[in-house]
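Student: Take this sequence and fold it.
(2 chains)
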Amino acid sequence: DIVMTQSALSLSVTPGEPAAISCRSSQSLLHTSGYNYLNWYLQKPGQSPLLLIYLGSNRASGVPGRFSGSGSGTDFTLRISRVETEDVGVYFCMQTLQIPITFGPGTKVDLK
Amino acid sequence: QLQLHESGPGVVKPSETLSLMCSVSDDSITRSTYMWGWIRQTPGKGLEWIGNIFETGSTYYNPSLHSRVSISMDTSTKQISLRLTSVTAADTAVYFCARGKTGVVVGAPRWFDTWGQGTLVAVSS
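Tutor: The predicted structure follows:
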């Protein structure tokens, strides 16, 4: 199984400031198609996960432009250019390169 | 906009079978560009993928649950079902169904784009 890790389990951020969340996989997620099969989700309190970024760096429909994804292989980063109050919640990474599909433990983001 | 709604008993007795249904609000259940998954979440283990089903009827399960789980779909009623047998307290979780975008990886979507609100199932006598 591919093990997903997120180095920070929690992150306190100041509104208006940038934030970065890291995710690492135990195997490369780079598919022969050239895409990294790594997706990012935000789970707001009391809600289900919401897709933010798919295939490493593609913003999902309706996701604000302040969110961006980068990385390749085994190391990935989700960035928020300027954190807003509505961005609090738990951020998960998920790999879909092979089954079983696996998730990172999540990084809980709250406001300072 | 697609909505997914999970339903089922909130409590299941140990050793019995957990049965959940996911209702799909649109016709994407009939399209081969989409597939469907079940995922569960616990405070201790986080998010755990249970299994997937494709428009062809092909199913893929997490090996950790493989012998106990089955997923099926009924396109006429636009529902996806999950059965988990011989449940224990470790199966207590919030269960989500989700729609995925089919891709080139066998058994997996490219991503899950829509999740249901989830349903809490407690295993308790």
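
Student: Could you tell me which residues of chain A lie near chain B?
Tutor: A:31, A:33, A:35, A:37, A:39, A:47-51, A:54-55, A:60, A:92, A:94, A:96-106 (C-beta under 8 Å from any C-beta of the partner chain). Placement of C-beta: from N, CA and C, glycine included.

Student: which non-adjacent residue is nearest B:Ser15?
Tutor: Excluding the flanking residues, the one nearest B:Ser15 by C-beta to C-beta, 6 or more residues apart in numbering or on different chains is B:Ser86, at 5.8 Å.

Student: Now do the strands in chain B.
Tutor: Using DSSP state E, the strands of chain B run over B:4-7, B:11-12, B:18-24, B:34-42, B:46-54, B:59-61, B:69-74, B:79-84, B:93-102, B:109-115, B:119-123.

Student: packing partners for the third one?
Tutor: Helices and strands touching strand B:18-24, by 3 or more C-beta pairs under 8 Å, 6 or more residues apart in numbering or on different chains; DSSP states H and E, are strand B:4-7, strand B:34-42, strand B:79-84, strand B:93-102, strand B:119-123.

Student: What residues sit buried inside the fourth one?
Tutor: Right, strand B:93-102. For strand B:93-102, a neighbour-count test (16 or more other C-beta atoms under 10 Å in any protein chain shown) marks B:93-102 as buried.

Student: swap in the second one?
Tutor: When burial is assessed from 16+ other C-beta under 10 Å, strand B:34-42 yields the following buried residues: B:34-41.

Student: Tell me, how many residues neighbour B:Leu20?
Tutor: The number of residues packed near B:Leu20 is 22, by other C-beta atoms under 10 Å in any protein chain shown.

Student: measure it to chain A for me?
Tutor: In this structure, B:Leu20 and chain A are separated by 15 Å, where distance is defined by C-beta to the nearest C-beta, to the nearest Å.

Student: Dig out what the closest residue to B:Pro109 other than its chain neighbours forms beta bridges with.
Tutor: The shortest distance from B:Pro109 to any residue that is not its chain neighbour, by C-beta to C-beta, 6+ apart, is 2.7 Å, and that residue is B:Gly100. The residues paired with B:Gly100 through beta bridges, assigned by DSSP bridges, are B:Met35, B:Phe112.

Student: now do the same end-to-end measure for stretch B:84-100.
Tutor: Counting by C-alpha to C-alpha, to the nearest Å, the length from the leading to the trailing residue of stretch B:84-100 is 21 Å.

Student: let me fix that: stretch A:42-60
Tutor: 12 Å.

Student: any idea how far that stretch is from the chain center?
Tutor: Here stretch A:42-60 is found 7 Å from its chain centre; the criterion is C-alpha atoms, centre = their mean, to the nearest Å.

Student: pLDDT on it, on average?
Tutor: Within the predicted structure, the mean pLDDT of stretch A:42-60 is 97.
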